[in-house]
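Peer 1: Model the structure of this input:
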Amino acid sequence: MGTVHQIHTGPSRSRVETVVATIIERIERGLIRPGERLSSIRTASQLFDVSKNTIVEAYERLVASGQIESRPGSGFYVTLHRPKRAESTTPTKVGAVDSVWLLREQLEKRYEVRVGDGRPPAAWMEGSEVGPYLKPVSRPGKRTLPESYGSPFGLPLLRERIALMLAERSINVEPRQVLLTQGANDALDMIVRHFIEPGDPVLVDNPGYYPLFGKLRLAKAQLVGVRRTPDGPDLDDLAAQAARIGARIFFTQSLAHNPTGCSITLPMAYRLMRIATEHNLMIVDSDPFADVLPVTSPRLAALDQLDRVIYVGTFAKTLSASLRSGYIAARADIVGALADLKMITRANSSGYIEQIIYDLISSGRYRGHLKRLIGRIEAATRHAYDSLSRQKLQVFGQPRGGFYMWCELPEHIDDKQLSRTAAERSILLAPGSAFSPDGSPSRPAMRVNIAHVGDPRFEAFMAEQLQTP
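Peer 2: Numbering: from 1, shown residues only. This is a model prediction of the structure:
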């Protein structure tokens with residue numbers, strides 16, 4: 001491999017990672033050719049001035065990634081058929097801007113400025129006081145994996161703890177009425193699979209949660225939007241649509257609504273439940289920000305005590321998007337049927353993740369994390385209002401407690417084209433059309449994430465776009 005000087009690791013790179021990166025760089029530059037033998041472990045440890053164990057681990061990682069191969073009794077060689085070098089992830093041209101595009105770009109994280117992201121910065125989660133507690137998998141012996149799939153309902157201890165948390169929100173349930181899932185999206189998917197048949201009319205928020213729209217379209221449901229107001233669903237529209245199409249189910253997010261960030265008021269919640277009774281509607285209410293909202297917030301499930309309401313919760317928004325865990329609270333017969341569906345389609349949720357979450361809650365660390373997160377949300381909300389005011393962007397309603405604000409744009413702006421133009425500058429925007437069940441919002445708009453809206457690159461971009469006639 002030639003002469004390699006003493007390596008210097010950065011603040012976020014270990015010695016092993018530095019050795020791996022150096023060897024890959026030399027291979028890609030042609031300094032070590034396909035089929036060529038690497039230095040022995042002893043020689044490499046001297047060249048890199050690291051221990052033999054460091055070289056062994058680095059070589060093992062290179063073998064696992066397909067960069068090199070091990071030939072017993074001979075050594076390590078650069079593979080003849082190496083994996084193709086990854087292409088640049090910098091976006092160049094954006095085609096269709098729709099809900100699938102928006103979800104993909106949030107997962108792939110190709111954009112530098114993430115105003116349209118649905119998640120908070122990782123530092124708000126893993127970088128908080130919870131961070132050290134989320135590393136048991138890297139410390140052998142700290143916790144053992146479950147020996148079997150466990151109960152299809154999920155970890156009993158966590159279900160009991162969730163039942164107590166729901167009681168604080170005035171939702172009285174028994175643990176047998178709680179089904180653990182792989183997050184809120186997984187919960188919604190099971191509910192759609194169980195209740196929706198092809199052609200069924202289904203009522204949804206407009207604007208609303210676009211991943212739900214995708215699930216309903218896959219189920220071949222007939223989506224009908226219910227206008228969203230700053231105080232919750234437009235109840236006259238809800239009653240009219242329910243009577244017109246004969247829908248039997250309404251999917252909504254009553255608090256810290258995605259995408260508007262607004263919450264239902266108590267009078268609206270009471271009236272909504274009366275309409276549900278009059279039209280024999282089942283309500284599926286997602287509450288992803290429950291743990292950072294006041295326990296006294298007007299929850300449909302508290303008014304109804306899970307007679308008509310199916311309540312969906314998650315830890316992904318308040319703990320970590322990497323810990324895919326959520327839950328469904330409903331009547332015992334519904335939970336039992338969904339548990340059977342869960343066994344057929346998923347076998348089970350992750351008992352290991354559920355144990356981590358239970359430990360976080362029972363140890364008090366989760367509560368401490370929530371206090372810090374609430375402070376961050378409050379500060380970011382104030383800064384977002386200031387930033388959007390400077391840009392003369394109108395905020396819909398009075399969003400509080402979640403990550404989102406809904407900005408209505410001037411009529412002459414095409415929100416899809418705005419997103420395409422922003423993408424060329426590595427700015428991710430979430431166009432309002434993605435949140436409309438039929439893809440055509442009443443007026444151009446965009447959802448913004450309070451954690452990212454103050455980025456000066458976004459402010460400069462919007463100032464340029466808004467001054468264009």
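Peer 1: isn't residue 219 right next to residue 196, touching?
Peer 2: Yes. If you go by CB atoms under 8 Å, residue 219 and residue 196 touch, sitting 4.6 Å apart. (Glycine included, C-beta is placed from N, CA and C.)
Peer 1: Helix or strand next in line after the helix or strand of the chain with the lowest mean pLDDT, which one?
Peer 2: Lowest on mean pLDDT, DSSP states H and E among the helices and strands of the chain sits helix 99-108, with a mean of 64. Using DSSP states H and E, the next helix or strand after helix 99-108 towards the C-terminus is helix 156-168.
Peer 1: re the thing from before, neighbour count winner among residue 219 and residue 196?
Peer 2: residue 196 (21 against 17; other CB atoms under 10 Å).
Peer 1: ok, now how distant is the more buried one from residue 316?
Peer 2: Per CB to CB, to the nearest Å, residue 196 is found 23 Å from residue 316.
Peer 1: cool, and residue 361?
Peer 2: Distance, residue 361 to residue 316, using CB to CB: 15 Å.
Peer 1: same check, this time on residue 189
Peer 2: 14 Å.
Peer 1: For those two, work out which one has more neighbours and name it.
Peer 2: residue 189 (22 against 19).
Peer 1: And the contacts of the helix or strand hosting that one?
Peer 2: If you go by DSSP H and E, residue 189 is part of helix 184-195. Helix 184-195 is contacted from outside by 179, 181, 211-212, 215-216, 219, 221, 249, 251, 282, 284, 286, 288, 310, 312-314, 316, 324, 326-328, 337-338, 341-342, 345-346, 349, using CB atoms under 8 Å, 6 or more residues apart in numbering.
Peer 1: For that helix, give the mean pLDDT please.
Peer 2: Averaging pLDDT along helix 184-195 gives 96.
Peer 1: residues of that helix that come out buried?
Peer 2: Buried residues in helix 184-195, counting neighbours by 16 or more other CB atoms under 10 Å, are found at 184-193, 195.
Peer 1: Quick check: of those residues, which lies closest to residue 389?
Peer 2: residue 184 (31.7 Å; CB to CB).
Peer 1: separation between the closest one and residue 242?
Peer 2: Counting by CB to CB, the gap from residue 184 to residue 242 is 24 Å.
Peer 1: Next, count neighbours for the residue lying closest to residue 410 once chain neighbours are set aside.
Peer 2: Excluding its sequence neighbours, the residue lying closest to residue 410 (CB to CB, 6 or more residues apart in numbering) is residue 466, at 6.9 Å. Neighbourhood size, residue 466 [other CB under 10 Å]: 15.
Peer 1: Can you give me the distance of residue 466 to residue 390?
Peer 2: 11 Å.
Peer 1: Next: residue 236.
Peer 2: 36 Å.
Peer 1: cool, and residue 280?
Peer 2: 48 Å.
Peer 1: Please apply the same query to residue 24.
Peer 2: 44 Å.
Peer 1: Ok, residue 214 next?
Peer 2: 35 Å.
Peer 1: Please identify which of the two sits among more neighbours.
Peer 2: Counted by other CB under 10 Å, residue 214 and residue 390 do not tie: residue 214 has more neighbours, with 16 against 12.
Peer 1: Name the SS class of that one, please.
Peer 2: helix (DSSP: H, G, I helix; E, B strand; the rest coil).
Peer 1: What pLDDT is listed against it?
Peer 2: Reported pLDDT for residue 214: 93.
Peer 1: Centroid-nearest residue for this structure?
Peer 2: Nearest to the mean C-alpha position of the chain, counting by CA atoms, centre = their mean, stands residue 321 at 5.1 Å.
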